[in-house]
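*Asks:* here is my input, please return the structure:
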Amino acid sequence: MAVADYPTDESIPPISAETPRSDAPDDATATALRELWEDPPGFIGWFRAVQNDAVGGRIMKLAFLNFLIAGVFALLLRLQLLVPHNDFLAPDTFNGLFTMHGSTMMYMFIVPMVEGFAIMLLPFMLGNREMPFPRLGIFSYFTFMLGSLLFFSAFIVGTVPQVGWYAYVPLSNIQFTPGIATDYWLLALGVAEVAAIAAGIEIIVAILRMRAPGMSLAKLPLYAWAMLITATSILFAFTPLLVVSALLELDRKIDTAFFVPELGGSPLLWQHLFWIFGHPEVYIQFLPITGMLAMMIPVFVRRRIVGYTFVVSAMLSTGVLAFLLWVHHMFTAGLPTIILGIFSVASIFIGIPTGVQIFAYLATLIGGKPVWKTPFYFIVGFLVTFVLGGITGIMVGSVPFNWQAHDSYFIVAHLHYVLIGGVVFPIFGALYYWIPKWTGKLLDERLGKWNFWLMFVGFHIAFMPQHIVGLLGMPRRYYTYPDLFGWQIYNVISTIGAFILAIGVALFVINYFWSGKYGEDAGANPWGADSLEWATSSPAPNYGFSVLPLVKSRHPLWDQGTITAGTAAEKSLVQDLARWPTTWRAALISSVLDGTPQEIFRVSRPSLWPFVAACGLVVAFAAEIFSARLLALGGLITLLLALVGWHWPYAVDTSEEEERAFAEKHNIAVNPYGSHVVARMATGLFILLLFIALACVVFVYFFLRVENATWPLDGLQPPAPLWGIVGTLLAAASAGVLRWGKERIEAGSAGLSAALTIGLLLTTGAFAALLYDLSQLPFDWRINAYGSAFYLAAGYLLLFTLISFGRILHTLLHALRGVYTPTNAISAETTATFALWLTVAWVIVGGMIYLTPLL
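*Replies:* Below is the predicted model of the structure:
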């Protein structure tokens, strides 16, 4: 169906095949922009590439490959459960495949897939040219890629983990799972978690500060809202997962006692910290999907979304409430009844904002005129399936029902209705919708509809019977079952459905490759869509927009006659930016609330350092699996050196006169050596990560204190606070001196290098004071849970101080080279800010480990 043939309602102007587009540059400008923004060619160029479409596409392809691998694992599991007492798989093999299937789906498919989507899509949808940290994006990809290789190499080494995707202690303690299989699970997935956090930081900054002129928060696409909430949730959810994974690895490798009851530890501590990640993870997967649906549904029913403000409010509410429900997964863990009641109410209450979103989509559908293309089939399939999964979610939120169903196949069915029906179906719809933008080819409609129906029918055949067999009492996580209770017929039906579902997925793969070669040309906007990514050609040029769009509406391609119409000042800015600069990659920074242009800055050029950094990180994690400490140290040194090379300033071919003229003409800052706004925001987000980790450390300390009748344990005496006070004062003095140095350089005065030198010495003193105090303690981390908690807090403080030391040293080296000027001293500012928050950490940790035991 051609664009002009789409049905429209009265609220949407007719859309012709000539979509409003950004003004095309002349040939010389287009050539200059294309050459400026293209990634290096050749084999080495592949490792240096930083373009958002290349990075996002790689992440998505690798995530989809992981999905296919997890699907093969699932089919093997279903074959084992086809009949009672089956010996197709040995018990250990079943447990290993079960662990690898769940872990791959939860950690290495959905979250990387939605982040890859965002990296690829957001610059076009937001009307800008690039993501804020291209090198961080490619670092995220290489970390994800190498982490995936490390994870699946467990099959080659013959040490496949068997602890489930949740790794409950004490099962995962060294006593019950000796060897390195569990270490593979902890450390390989830790690499993938780092990749997710890195991508999350980039997404937050892009959405808040890299939008087209006029794109206020009130005009922000709902997909961008969803990804902003998702990326923020990733920081708050994945950081506790990294912390608790590190605690278990410490228990296994150096004999700490966080989860050892005999020494004052608690297995429940793992469950609390894991599910503080685990339940938000469900919504981290779901929220991007709601954003995708909110972009696609209006297009295929030719009607603007109903209740934009309500949908945004519901997304925000979902993101917050998701962190208040973790005990939902611990109803059978023996917690007090009052706690169960509170979290049961919260578990049911979160259905309200979810329902608001579903009803908004249904209202949009009912009032529109559907166009039954393949993406729309997957949308409707989602609505049917997810509602069913949501109903069972309300059921398991009830404590009495949860007690009966918790370890049964009813939970397996509920989980898959939410995560496959509620996440995977919309992802396939989104792939059919956006792949033409990236490839220039439409996927085949006939194959697409077969793809949908096979997946939809196969899914329900596979998982609907599991509700019944679960209510009949079949337990989950078992490799076989007896020939009793009438369970076999339901497992036979489920296995048949799983293979039908797999055929549907295989059909998509065939469609993708066939259409890529023989498919119909998509054109710029094959769906008659309303958002900015469809204003470029398909595939889009590597620079995205030459003339940035001027946004006046939530639906710019429907409501604006042209997307470059605006005031004289606005038009002058975007037209001049199309012609200058042509020697460095320029992108626009806008204000958070109203999208007012604030800064033109240079985004990073291609570099090999992110790949080297990812290699160093993965080598460090992989070496620790085998306790190869020297090799792990080598990996960390490689990582640090790569980070120095990554951030080392390089000469920019620019003219100060042209910069000044552009800035004065448009009343906007021009920073060819990096954005001040982005640097401040990135520093703030990094500090936030460190303080989320600190909150976890504080939680561990006080949870173990509450779990034990006496504290410190075994009559231990807490150390005197003298050296803690000394370290805090030295850290505070360092922060003050660095602030003074920052103010001096901004005022055009000398003194920055001296201030950095003094700050470096003071920070070293704080580090030495704590290290000396630890060397004088009469106990170590192995003695009991108190010793483990004390050294954990002190180790966190040492790490934070060491990071601050590295930042000060890095800034000092550049100051001695004369890099900084009154208008280019952002590094001095962020270093001083970091030192200030280090002082806050000293106060919190020092007060906790030195003073609270005296209370």
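*Asks:* for Tyr107, see how far away the spatially closest residue to Phe73 that is not a sequence neighbour is.
*Replies:* Nearest non-adjacent residue to Phe73, counting by CB to CB, 6 or more residues apart in numbering: His101, 3.8 Å away. To be clear about C-beta, it is placed using only N, CA and C from the backbone, and glycine gets the same treatment. The spacing between His101 and Tyr107, counted by CB to CB, to the nearest Å, is 12 Å.
*Asks:* please apply the same query to His676.
*Replies:* 35 Å.
*Asks:* out of those two, which sits in the busier spot?
*Replies:* Under the neighbour definition other CB atoms under 10 Å, His676 and Tyr107 were set side by side, and Tyr107 has more, 26 against 21.
*Asks:* show the pLDDT at that one.
*Replies:* Looking at Tyr107, its pLDDT reads 93.
*Asks:* wait, what's in contact with it?
*Replies:* Going by CB atoms under 8 Å, 6 or more residues apart in numbering, Tyr107 touches 165, 189, 192-193.
*Asks:* and stretch 578-591, average pLDDT?
*Replies:* Here the average pLDDT along stretch 578-591 is 90.
*Asks:* what number of residues lie near Gly795?
*Replies:* Residues near Gly795, counting by other CB under 10 Å, number 15.
*Asks:* tabulate the contacts of Tyr107 (a markdown table), appending distance to Arg585, neighbour count and pLDDT.
*Replies:* Shown next, in a markdown table, are the contacts of Tyr107 (distance: CB to CB, whole Å; neighbours: other CB atoms under 10 Å; pLDDT from 0 to 100):
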| residue | distance to Arg585 | neighbour count | pLDDT |
| --- | --- | --- | --- |
| Trp165 | 40 | 18 | 93 |
| Leu189 | 34 | 26 | 88 |
| Ala192 | 29 | 26 | 89 |
| Glu193 | 30 | 21 | 90 |
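*Asks:* dump the residues you listed into JSON lines; add secondary structure as well.
*Replies:* Converted to JSON lines, the contacts of Tyr107 look like this (DSSP: H, G, I helix; E, B strand; the rest coil):
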{"residue": "Trp165", "secondary structure": "coil"}
{"residue": "Leu189", "secondary structure": "helix"}
{"residue": "Ala192", "secondary structure": "helix"}
{"residue": "Glu193", "secondary structure": "helix"}
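*Asks:* check which helix or strand covers Pro288.
*Replies:* helix 267-301 (DSSP states H and E).
*Asks:* and the next helix or strand past the least confident helix or strand in the chain by mean pLDDT?
*Replies:* Between all helices and strands in the chain, the lowest mean by mean pLDDT, DSSP states H and E belongs to helix 27-37, at a mean of 81. Counting by DSSP H and E, the element after helix 27-37 in chain order, helix or strand, is helix 42-48.
*Asks:* got the buried residues for that next one?
*Replies:* Buried positions in helix 42-48, judged by neighbour count with 16 or more other CB atoms under 10 Å: 47-48.
*Asks:* cool, and stretch 642-649?
*Replies:* Neighbour-count burial for stretch 642-649 flags 642-643, 646 (criterion: 16+ other CB under 10 Å).
*Asks:* which residue ranges form the strands in this structure?
*Replies:* Applying DSSP state E to the chain gives strands spanning 586-590, 597-602, 669-671.
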